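Trainee: all I have is the shape, not the residue letters:
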């Protein structure tokens, strides 16, 4: 099988490594517009060849779109158009984006809609680029299949095999539902980390040594603030309505804490912490 | 040297392990009011003996107060009173609390003030109790000495040796300054984690499977929400003014994000993320 991967960053690059060494891909064609990244991806062996977008789509059996979701939404219809021009109704394209509503809408009426399988492999780190790619990134994690009833069953089956090779558990979900869920368990965490980083960095302007006291707890809470704007600007704008709703609930909770602390209300702070402690049931 | 440790939880228990096995303490006397904890601490070998508070203070050469700061503030003057009654001006008491202003104020005019050394070993996990104690917890971390000019130089010297045995780097700091710094790099992280946990747990009431999609990033951001109210209620109330100031700055940053997302202002979101990314300079 020839796999074409558009975007050899953290996700695309990590997929390339495991699909190749686990025998799913005989050959990997990579698309990378940034010269430095393309060069690095080739040298690191993430792909067999760097090719132009059109060549990749024409030559690959499966095309993986692993670029930020703003670009992916524009690219996906072009991929299906090329399949159509070539009369190749046996080929498959998937995306790996973190928001799903807009991308499934972008090809809803495309005559080859069935050849697209919308997926979101839930794995990653706060790093990006081909240097962030690593083996085993996906092992044991969940992969969302969004609106898979709109895809041809045969295409879904092949993509299920692909993610099975990556050792991922499939979860089937409506795209809109996916975007609500990820707003809660992923997007909000990034916003709160960014805001926390900004808060402390601002203070650092007059307290040079503020970070001397930073401990493991702080690092863990602020780690996601290293995430790239290329990835997160499109996620936050595409998932605007859900993200705003979660931010508003979150701001209410912050205000509950603020009020309890302001009025020295130890009893109320204790209640809030006890309730928050229930997070133990899901975190080990 | 006989070391008395009041509170054999995460901090007291971990200190006990390393002070004993590294030869600083010949004998460790523990004080634990909760029967189950006392039993566990003894069985785990965290101390040689569990004794009543008064006996511990009378028999130990150094007393370590490792209980939540609300209790510590009441206990510290009692310890110095016993030193005074016994005419023992050679003994030393230290605390390990996360806020320092109130505890140093509590004994400011005590005739034996010099025998107290206020410290904050900056290490820990989100777990508590004797079961959370572990060897090497303090290795390589910073230990704050607060207002050490108010302590007798000889006492400071012995406590420096104690923390040197724990492989900690001493940092000398004014107590009020300490509380401003920790509000930024520790206390706020806990409040934001608690609020995040509450936000998602509330949503879980109507979306049972919301945590299926939680990834490593979410876990890392919300990890501190497992922290105990016993520890955090007194910290947040004692450090109220500093914590409120940081919460307010943080809420402003959250509102900046909210506004940029609400108005689809990709340029502004990008700016905010780029600025937040500067946190890389302090996090590896």
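Mentor: Thanks, I have the structure now. Note that the structure is predicted; figures quoted are calculated from it, not measured.
Trainee: which stretches in chain A count as strands?
Mentor: Counting by DSSP state E, one finds strands in chain A at the ranges A:2-6, A:27-31, A:49-50, A:62-65, A:92-95, A:116-121, A:142-146, A:169-173.
Trainee: grab the longest helix from chain A for me.
Mentor: Looking across chain A with DSSP state H, the single longest helix is helix A:240-262.
Trainee: domain parsing for chain A?
Mentor: Annotated domains of chain A cover A:2-174, A:178-281 [automatic domain parsing].
Trainee: ends of the shortest one, what's the gap?
Mentor: Start and end residues of domain A:178-281 are separated by 22 Å (CA to CA, to the nearest Å).
Trainee: got it, and stretch A:209-216?
Mentor: Where stretch A:209-216 begins and where it ends lie 17 Å apart, using CA to CA.
Trainee: buried residues in that stretch?
Mentor: Neighbour-count burial for stretch A:209-216 flags A:210-215 (criterion: 16 or more other CB atoms under 10 Å in any protein chain shown). (Glycine included, C-beta is placed from N, CA and C.)
Trainee: same check on stretch A:41-51?
Mentor: Of the residues in stretch A:41-51, those buried (16+ other CB under 10 Å) are A:41-42, A:46-48, A:50-51.
Trainee: and residue A:236, which of the strands of chain A is closest to it?
Mentor: Of all the strands of chain A, strand A:116-121 sits nearest to residue A:236, with 15.9 Å by CB to CB.
Trainee: and that closest one, which strands flank it?
Mentor: As defined by DSSP bridges, the strand partners of strand A:116-121 come to strand A:92-95 (parallel), strand A:142-146 (antiparallel).
Trainee: so can I have CSV of the ones you listed showing mean pLDDT?
Mentor: As requested, the strands paired with strand A:116-121 are exported to CSV (pLDDT from 0 to 100):
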stretch, mean pLDDT
strand A:92-95, 98
strand A:142-146, 96
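Trainee: okay, those strands, which one's buried deepest?
Mentor: strand A:92-95 (a mean of 25; mean count of other CB atoms under 10 Å in any protein chain shown).
Trainee: circling back: just checking, what packs against the longest helix of chain A?
Mentor: If contacts are counted by 3 or more CB pairs under 8 Å, 6 or more residues apart in numbering or on different chains; DSSP states H and E, helix A:240-262 sits against helix A:188-204, helix A:266-277, helix B:188-204, helix B:240-262.
Trainee: ok, now with 10 Å
Mentor: helix A:175-182, helix A:188-204, helix A:229-238, helix A:266-277, helix B:188-204, helix B:229-238, helix B:240-262 (3 or more CB pairs under 10 Å, 6 or more residues apart in numbering or on different chains; DSSP states H and E).
Trainee: out of those, which is closest to residue B:274?
Mentor: helix A:229-238 (5.9 Å).
Trainee: next one: residue A:3 from residue A:29, what distance?
Mentor: Between residue A:3 and residue A:29 the computed distance is 7 Å (CB to CB, to the nearest Å).
Trainee: got any residues that touch both of these two?
Mentor: A:16, A:47-48, A:56, A:60, A:63 (CB atoms under 10 Å, 6 or more residues apart in numbering or on different chains).
Trainee: nearest spatial neighbour of residue A:94, chain-adjacent residues omitted?
Mentor: In this structure, residue A:94 finds its nearest non-sequential neighbour in residue A:117, 4.8 Å apart by CB to CB, 6 or more residues apart in numbering or on different chains.
Trainee: ok, now which ones touch that neighbour?
Mentor: So residue A:117 contacts A:62, A:92-95, A:145-148, A:150-152, A:155-160, A:162-163 (CB under 10 Å, 6+ apart).
Trainee: which bits of the stretch 51-200 of chain A sit near chain B?
Mentor: A:70, A:120, A:122-126, A:141-142, A:144, A:169, A:171, A:173, A:177-178, A:180-200 (CB under 10 Å from any CB of the partner chain).
Trainee: just the buried ones from the residues you listed?
Mentor: Counted by 16+ other CB under 10 Å, these give A:70, A:120, A:122-126, A:141-142, A:144, A:171, A:173, A:177-178, A:180-200 as buried.
Trainee: measure the nearest residue to residue A:137 once chain neighbours are set aside to residue A:227 for me?
Mentor: Using CB to CB, 6+ apart and skipping residues adjacent in sequence, the residue nearest residue A:137 is residue A:14, 4.0 Å away. Counting by CB to CB, the separation of residue A:14 from residue A:227 is 16 Å.
Trainee: what pLDDT is listed against the spatially closest residue to residue A:198 that is not a sequence neighbour?
Mentor: Nearest non-adjacent residue to residue A:198, counting by CB to CB, 6+ apart: residue B:253, 4.5 Å away. Predicted confidence (pLDDT) for residue B:253: 97.
Trainee: residue B:253 touches residue A:247, doesn't it?
Mentor: No - the criterion here is CB atoms under 10 Å, and residue B:253 misses it with residue A:247 at 11.7 Å.
Trainee: what is in contact with the two at once?
Mentor: A:191-192, A:195.
Trainee: closest one of the residues you listed to chain B?
Mentor: residue A:195 (4.0 Å; CB to the nearest CB).
Trainee: just checking, that closest one touches residue B:195?
Mentor: No - look at residue A:195 against residue B:195 with CB under 10 Å: they stay out of range, at 11.5 Å.
Trainee: run through the neighbouring helices and strands of the worst-scoring helix or strand of chain A on mean pLDDT.
Mentor: Ranking every helix and strand in chain A by mean pLDDT, DSSP states H and E puts helix A:216-222 at the bottom, with a mean of 89. Where contact means 3+ CB pairs under 10 Å, 6+ apart, helix A:216-222 is packed against helix A:188-204, helix B:188-204, helix B:216-222.
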